[in-house]
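S.K.: no FASTA, just this:
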Ligand code: SF4
């Protein structure tokens, strides 16, 4: 690492490093381009619709409005990433799937009953002098009572029983950032899975957030050591089948 430069940590980068240090190197150190993930692109599209839905007055936040936003957001998405068009074999299927995810959203929350305080909120803080931690929160709601709820939309399926804790790590990082910046521990963390219509909730405790901070510190140490020694081991798993770098990865060559 350059002198005076900080290690940039986010839940995604932490995930990359713990899943496979070599993957982390390709993404975070070498910044190699990746092939388009249609699931990820659909996720971004649905997120953008849900974000704009909350621009409307409460009474207008109904399924019809969201589905009307979809082709508009899709066109914007295509304009910003024209190469996506060549990857989609059936545009109708693509839009139908996005519509189904948006429709599912309305079975899990009623957006006419509250006003979000923040959407796409960027939280950031130095974990310590050489480590910068940040993340983007899909939605953060502050109730009139001052209670805080952090919400993240997922367009995939919810984790199997026993894996919820791993999934909640991302939201605990956001809760930690909010707590350290604002002095308030969020009351509720909520993962909304549109892929199988399930909500995973958790009430974070101070002990959990302190533990999250310690885990982040340990992972930061491991990454800094990997950078200093240029040692990023490969870690084969089912994720390799979706990895953009499989063709150049030493584990497969
Ligand atoms: S193919 Fe597998 S082992 Fe290789 S970088 Fe990707 S995730 Fe890691």
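M.R.: Alright, I've got the coordinates. Quantities reported herein were computed from a predicted structural model and do not represent experimental measurements.
S.K.: Could you look up the SS state of residue 126?
M.R.: strand (DSSP: H, G, I helix; E, B strand; the rest coil).
S.K.: Verify the stated contact: it with residue 134.
M.R.: No - the pair residue 126 / residue 134 is not scored as a contact, 9.8 Å apart, by CB atoms under 8 Å. (Glycine included, C-beta is placed from N, CA and C.)
S.K.: And these two? Which one has more around it.
M.R.: Neighbours per residue, other CB atoms under 10 Å: of residue 126 and residue 134, the larger number sits with residue 134, 18 against 12.
S.K.: Surely the more buried one forms part of a strand?
M.R.: Yes - under three-state DSSP, residue 134 falls within a strand.
S.K.: Grab the nearest non-local neighbour of it.
M.R.: In this structure, residue 134 finds its nearest non-sequential neighbour in residue 124, 3.8 Å apart by CB to CB, 6 or more residues apart in numbering.
S.K.: quick one, what contacts the one you found?
M.R.: Each residue near residue 124 by CB atoms under 8 Å, 6 or more residues apart in numbering is listed here: 132, 133, 134, 135, 177.
S.K.: ok, of those residues, which one's closest to the ligand?
M.R.: If you rank those by distance to the ligand using CB to the nearest ligand atom, residue 135 comes first, at 22.0 Å.
S.K.: My read is that the closest one contacts residue 123, right?
M.R.: Yes - look at residue 135 against residue 123 with CB under 8 Å: they come within range, at 5.7 Å.
S.K.: Need the residues touching each of these two.
M.R.: Taking CB under 8 Å, 6+ apart as the contact rule, residue 135 and residue 123 both touch 174, 177.
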